[in-house]
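# the sequence isn't on hand, but the structure is:
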């Protein structure tokens, strides 16, 4: 029998685990996030360009959440914390542009 994480990986591909902890290091919630697709990245980058990092993170979190503790989306403190972490889900490759 597949674990929840294995099932999510089978269904969505690469999955990131977001663990939220309190100051004492106790786990408060866990969320599983799929990789952001182009429309999610585009909207997130647009919000970041407007100096709206929390809104960008919320958009990414809401659109990439595929499992874990639903409280992450329902509890305001957990959602704000997860949103700020979710921005890091957007991965861009390093590149180099040079004139020839």
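That came through fine. Bear in mind that the values here come from a model prediction, so they are computed numbers and not experimental data. Numbers count the residues shown, from 1 in each chain.
# centre-most residue in the protein?
residue 86 (3.2 Å; CA atoms, centre = their mean).
# which helix or which strand is home to that residue?
Assigned by DSSP states H and E, residue 86 belongs to helix 76-86.
# for the chain, what spans make up the strands?
In the chain, the strands defined using DSSP state E lie at 15-21, 27-34, 65-68.
# got the contact list for residue 7?
Under the criterion of CB atoms under 8 Å, 6 or more residues apart in numbering, residue 7 has no contact partners. Backbone N, C-alpha and C define where each C-beta goes, glycine included.
# TSV for the strands of the chain, including mean pLDDT, distance to residue 44 and mean neighbour count?
Formatted as TSV, those follow (pLDDT from 0 to 100; distance: least, CB to CB, whole Å; neighbours: other CB atoms under 10 Å):
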stretch	mean pLDDT	distance to residue 44	mean neighbour count
strand 15-21	96	15	16
strand 27-34	96	13	19
strand 65-68	96	14	19
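# so which of those strands is nearest residue 96?
Taking CB to CB as the criterion, strand 15-21 is the member of the strands of the chain that comes nearest to residue 96, at 26.6 Å.
# from residue 20, how far off is the residue nearest to the centre of the chain?
According to CB to CB, to the nearest Å, residue 86 and residue 20 sit 11 Å apart.
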